[in-house]
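**Student:** Could you look at this predicted model? Sequence included:
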Amino acid sequence: MRFKPLHLKLLRDLGRMKGQTLAVSLVMACGLAMMIMARSLIYSLETTRDTYYQENRFGDVFADLKRAPNFLRQRLATISDVAAVETRVIGRLTLDLPGLNEPADGVVISLPDDRPQQLNRLFLRRGRFPEPGRRGEVVVGEAFAEVHGFGPDNQISALLRGRRETLTIVGIALSPEYVFEARPGETLPDNKRFGVFWMNERELATALDLDGAFNNVVVDVAPGGDTLAVIAALDDRLANYGALGAISRRDHPSAVRLNDELAVLRTLAVAFPLVFLSIAAFMASAVLSRLVRLQREQIAQLKAFGYSARQVGAHYFQFALVIVAIGTLAGGLGGFWIGGNVVNIYHRFFRFPSLVFHPDLSAIFLAFVVSAGASFLGVYGSVRQAMRLPPAEAMRPEPPASYRPSLVERLGWSRWLTPTLRMALRNIERRPWQAFFTALGLALAAGIPIVPCAFREGIEYLLGFQWDVAQRQHVTVSLFEPASATAAASIAHLPGVLLAEPYRAVPARIRFGNHSRRLEVTGFSREATLRRVLDARERSIPLPPDGLLVSAKLAELLGAEAGDVVSLEIQEGNRPRRNAVIRGLITDYAGIFAYMDKESLHRLMREGPTVSGAYLWLDPERWLDFLKEVKNTPRIAAMMIKNTVRESFRKTTAETINLVQSLYFSFSVVVAFGVVYNSARIALSERSRDLATLRVIGFSTWEVAGVLVTELVLLTLVAIPFGLLLGSGLAAGIVATASTESVRLPLRLTSQMYATAVFIVLSAATVSFAIVSWRIRELDLVGALKAPE
Amino acid sequence: MIPGHASPTEAPATAKRLVYCARGLTKVYRTGEVEVRALAGVDLDLHEGQLVVLLGASGSGKSTLLNILGGLDIPSSGSLHYHDTELTHSDEAFLTRFRRDSVGFVFQFYNLIPSLTARENVSLITDISVNPIAPEEALALVGLQDRMDHFPSQLSGGEQQRVAIARAIAKQPEVLLCDEPTGALDVRTGVQVLSAIQRVNQELGTLTLLITHNAVLAKMADRVIHVSDGQITHIETNAHRLPVSELSW
């Protein structure tokens, strides 16, 4: 193949501009990498999830109830639009694990003995299902098994409804209802202390005193069926069996968690790339307008030879295309690489039979089209301008640039300015848009690092707020079932307990107008010192003598405010309905809660001094004694150790935050470096004659470098404060997007994160300055004396 | 005219200090496989206060000689002394210092900084010089006292070149090097510029080298050096140099 002369010109011109081509391409690549990564991850997660849900028949509607006879299953199956019904027995167990001082807990779900699983079918990773009639055999969820290194034939000691059992692991499995293998409502999995188990239905039912009965239903709604109608019918038929109200897949804890993640990815797929691409488009436009200005004469000659405006225009647009192609390629590779790594992290949160990273090839295509479009817009103006010139006029050199005193001088402050500063200010005023976009790029670079820093700081603050200021207890224990005051007393007598504050927690659906949420209404003493509720400024709010204090987020979700009366549908005991007044809103960052004075809650429930658990302050010296005794206390269902939860939270988030932080920091470096390098190179080429003249008349290399970079230094210094502002806004926006019912990150901005951002931008800019300044040594001094370009 | 100075028509006093002493200067440029001999053995002495015109066709090597004298280029062989200092083997930092303190340049295309006014273009130099005259004084010397706050784009070619001359002489250099200073100007403007150069030479006593291919200008010089093919063919000395206003071309 023979290259056409214009193609050869293109290649050689690009070769000369390789530094700038690369700088623009890299900034573009950052935006594209983000977009391709996010879109590919969305694609991977969605296809994997949909296939998994379908192949393993994840249910559409779920209901918990107290106890219903097995024959009810047939009747439930007759509900219109119901395609399949699975009834199950579900219980909780406490585990005594080797090497783990504190107790772990788990959920145990029945597997039908007499028929194959219909819905929420397990994906068996290793081993086998429990054999019918064989006692103590269980299948264990993969995440839990992996953390503990459990495999088939390992044995675990567990307390099941107060009875100690030795369970033999026969298989490791995954379930579509535990893609996110965590306690319902938890933001992050705690695989060390929470596991999911499956065992034969008959054995489990016996252990839980549910012989011939079930306490959980999963329903598959027929394609096109009315899920809401099914939920209503199910609620109706289970009303007499202590049902807690059916939920659809949309509200299923594991599915919700996965959807939350997809929502965050969708924001990332749009917002970030847009900003990067506009900066890159500007950079491309600046480079190419410079090129077109430099090549005025060549353009005139081409036109004089008879090349059409279209051909010449296409030639310059090809420059943009090459930059876009390099950017897309680098962005694609980067996006796939980052995506591949993120998938590995996802594997720790979301358990699929296989979560493979599927590159979204349409994203690459889209990326190319979007960035080509953006650069086309950038290049169009300058090419059109060059094409409009008649050849004869274009062959004359450009008239000398006209300048005027800058604003600062017009204001009468000129005597404060050195000649170098004057040149810089006048240059900025002569090309305000170029200056604006350069500053915008630098502001972006300064803003980007704020985002991950704000995340990190937000998490730290949240941990401190939730677990140091609001909850001062060392440990929270919860009982299997509400118990009398004597139970509270026995907890207080556990070894090492210095202070025990009992609490009462009642599961309820809180309803206001058309909105409702399921939660626990928690009551504790107004004199409690361990557990407190706080306002946004960390001040303790006293519990009112009656009525509720609710999470501000809950009030927002319900559309209620202080003074409103909400209805509480209690889902315990004989399931009374009560009204309660919201007396005030509280600040919290994880979950949604309603609090009451304990006595007032007892009155609401019309019960005596019942307890659901206790907050404990412990003697650290007797910690191990305490743990040992807890493991042998059957009525304790679960125990939350503050430090453990906090550490686990920190550890689980650390890896993600670190990855995000290094990504964002790199992006910031690329943008700061790229923008400064590009602008400095353009300035160098536009002003090489001036700079060479300065060298000739006796300026040293460093003095000339000073002249070259002063303008950029000024822009950098102006851009940084705006960048920090922009970054703070960006962080606020992203934190708000990532805020869900389960976690709301507080926006914390510190001077340290600002310092980090400034440091990153200044370092990248300095390196850029240094590289370009080095080129001043190569200025052609003798050439400067000859005719202007 | 500054009182006390000699008239431009008088020949300079003899026995002036030697400023440059060049022996056997050669300069060879290699571009790819082609070798161009720009200077082929030049011997030359230049004394203070002289106005010297370098005459020659284009490509004769006069610009190369001027660049070497100005510390912009180094010879391939030979020796060049500036007073007692050997320039031939000096490093870049020294040459920068040399250009800053001792040499004023005037170029064919003025080479002013477009973003600075006339006055600021001059003060760019006076700010970094050891013993400068005020920018205003330098501009007055070239007749631009009324155009000091104009930007280059607001000045005519002749005015721009006079700003360049003011910039070159404001540091009171010992040497003023002018490379075709009137090459881009019409005759009338050229006369103004050359008058300014002659006046500076006369009033400040600056050794002035002026490159031209216009033989008429030879009459304004003390010495005329003819350059051809990288060599000095002959040197003329004018007993009486003419004021520029009396020249015509």
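**Tutor:** That came through fine.

**Student:** Pass me the low-pLDDT residue ranges in the chain, would you?
**Tutor:** I'll assume chain A. Low-confidence segments of chain A (pLDDT under 70): A:1-3, A:185, A:378, A:386, A:389, A:392-400, A:785, A:787-789.

**Student:** I was after chain B.
**Tutor:** Checking chain B against pLDDT under 70 turns up B:1-15.

**Student:** Quick check: residues of it near chain A?
**Tutor:** Residues of chain B lying close to chain A (C-beta under 8 Å from any C-beta of the partner chain) are B:63, B:67, B:70, B:72-73, B:92-93, B:96-97, B:99-101, B:103-105, B:107-109, B:111, B:113-116, B:120, B:123-125, B:127-128, B:151-154, B:167-168, B:179. In short, each C-beta sits where N, CA and C put it, glycine included.

**Student:** ok now stretch A:455-471, how far from the chain's centre?
**Tutor:** 17 Å (C-alpha atoms, centre = their mean, to the nearest Å).

**Student:** go on, stretch A:112-121?
**Tutor:** Mean-position distance between stretch A:112-121 and its chain equals 36 Å (C-alpha atoms, centre = their mean).

**Student:** Just the buried subset of the residues of chain B next to chain A, please.
**Tutor:** B:63, B:67, B:70, B:72-73, B:96, B:99-101, B:103-105, B:107-109, B:111, B:113-116, B:120, B:123-125, B:128, B:151-152, B:154, B:167-168, B:179 (16 or more other C-beta atoms under 10 Å in any protein chain shown).

**Student:** rewinding a little: so which of the residues of chain B next to chain A are in strands?
**Tutor:** B:103-105, B:179 (DSSP state E).

**Student:** Tell me which residue of the stretch 151-300 of chain A lies closest to chain B.
**Tutor:** A:Arg293 (14.6 Å; C-beta to the nearest C-beta).

**Student:** tally of neighbours for that residue?
**Tutor:** If you count neighbours by other C-beta atoms under 10 Å in any protein chain shown, A:Arg293 ends up with 16.

**Student:** try the one 5 residues further on
**Tutor:** Here the number of neighbours of A:Gln298 (other C-beta under 10 Å) works out to 17.

**Student:** Over to B:Lys27?
**Tutor:** Neighbours of B:Lys27 using other C-beta under 10 Å come to 22.

**Student:** Check for me that it belongs to a helix.
**Tutor:** No. Going by DSSP: H, G, I helix; E, B strand; the rest coil, the assignment for B:Lys27 is strand, not a helix.

**Student:** and it, what does it touch?
**Tutor:** B:37-39, B:61, B:64, B:68, B:73, B:75-76, B:230 (C-beta atoms under 8 Å, 6 or more residues apart in numbering or on different chains).

**Student:** rerun at 6 Å
**Tutor:** B:38-39, B:64, B:75-76 (C-beta atoms under 6 Å, 6 or more residues apart in numbering or on different chains).

**Student:** Just give me the longest helix of the chain.
**Tutor:** All of this is about chain A. Ranked by residue count and defined by DSSP state H, the top helix of chain A is helix A:642-686.

**Student:** meant chain B actually
**Tutor:** Longest helix in chain B, counting by DSSP H: helix B:187-204.

**Student:** returning to what we had before: make TSV out of the contacts of B:Lys27 and add secondary structure and neighbour count.
**Tutor:** Below are the contacts of B:Lys27 laid out as TSV (DSSP: H, G, I helix; E, B strand; the rest coil; neighbours: other C-beta atoms under 10 Å in any protein chain shown):
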residue	secondary structure	neighbour count
B:Ala38	strand	22
B:Leu39	strand	28
B:Thr64	helix	25
B:Pro75	coil	22
B:Ser76	coil	16
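
**Student:** so which of those comes closest to chain A?
**Tutor:** Checking those one by one against chain A (C-beta to the nearest C-beta), the nearest turns out to be B:Thr64, at 8.7 Å.

**Student:** Could you double-check that the closest one lies in contact with B:Leu39?
**Tutor:** Yes. If you go by C-beta atoms under 6 Å, B:Thr64 and B:Leu39 touch, sitting 5.4 Å apart.

**Student:** now the contacts of B:Lys27 as a markdown table including distance to A:Glu501?
**Tutor:** As requested, those are exported to a markdown table (distance: C-beta to C-beta, whole Å):
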| residue | distance to A:Glu501 |
| --- | --- |
| B:Ala38 | 97 |
| B:Leu39 | 99 |
| B:Thr64 | 95 |
| B:Pro75 | 94 |
| B:Ser76 | 94 |
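
**Student:** Could you write out the alpha-carbon coordinates of stretch A:250-263 in CSV?
**Tutor:** Taking Å, rounded to 0.1, in the frame of the first residue of the first chain, the C-alpha atoms of stretch A:250-263 are listed here in CSV:
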residue,chain,number,x,y,z
ARG,A,250,-37.1,-5.2,44.9
ASP,A,251,-37.0,-5.1,48.7
HIS,A,252,-35.0,-8.3,49.2
PRO,A,253,-31.9,-7.4,51.2
SER,A,254,-29.4,-9.1,49.0
ALA,A,255,-31.0,-7.9,45.8
VAL,A,256,-31.3,-4.4,47.2
ARG,A,257,-27.6,-4.3,48.0
LEU,A,258,-26.7,-5.4,44.5
ASN,A,259,-29.0,-2.8,43.0
ASP,A,260,-27.5,-0.1,45.1
GLU,A,261,-24.1,-1.0,43.7
LEU,A,262,-25.3,-0.8,40.2
ALA,A,263,-26.8,2.6,40.8
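
**Student:** Name the residues of that stretch that are buried.
**Tutor:** So, applying 16+ other C-beta under 10 Å, buried residues of stretch A:250-263: A:252-261.

**Student:** give me the residue from the stretch 1-150 of chain A nearest chain B.
**Tutor:** Counting by C-beta to the nearest C-beta, the stretch 1-150 of chain A gets nearest chain B through A:Arg12, at 16.5 Å.

**Student:** what about that residue, how many neighbours?
**Tutor:** A:Arg12 has 10 nearby residues by other C-beta under 10 Å.

**Student:** Write out the residues of the stretch 301-450 of chain A neighbouring chain B.
**Tutor:** Residues of the stretch 301-450 of chain A lying close to chain B by C-beta under 6 Å from any C-beta of the partner chain are A:400-403, A:419, A:423, A:426-427.

**Student:** Would you list the buried entries among those?
**Tutor:** A:400-401, A:403, A:419, A:423, A:426-427.

**Student:** Mind checking which of those residues are in strands?
**Tutor:** Judged by DSSP E, these include no members of strands.

**Student:** nearest to A:Leu244, of the residues you listed?
**Tutor:** A:Asn427 (70.4 Å; C-beta to C-beta).

**Student:** Thought A:Glu711 was touching the closest one, still the case?
**Tutor:** Yes. Between A:Asn427 and A:Glu711 a contact is recorded at 5.2 Å, counting by C-beta under 6 Å.

**Student:** right, and A:Thr693 touches B:Asn111 too?
**Tutor:** Yes. Using C-beta under 6 Å, A:Thr693 makes contact with B:Asn111 at a distance of 4.1 Å.

**Student:** returning to that earlier point: any buried residues in the longest helix of chain B, and which?
**Tutor:** Buried residues in helix B:187-204 (16+ other C-beta under 10 Å): B:189-204.

**Student:** Could you report the separation of the single nearest residue of chain B relative to chain A from A:Ala672?
**Tutor:** As assessed by C-beta to the nearest C-beta, chain A sits closest to B:Arg100 within chain B, at 2.7 Å. Counting by C-beta to C-beta, to the nearest Å, the gap from B:Arg100 to A:Ala672 is 34 Å.
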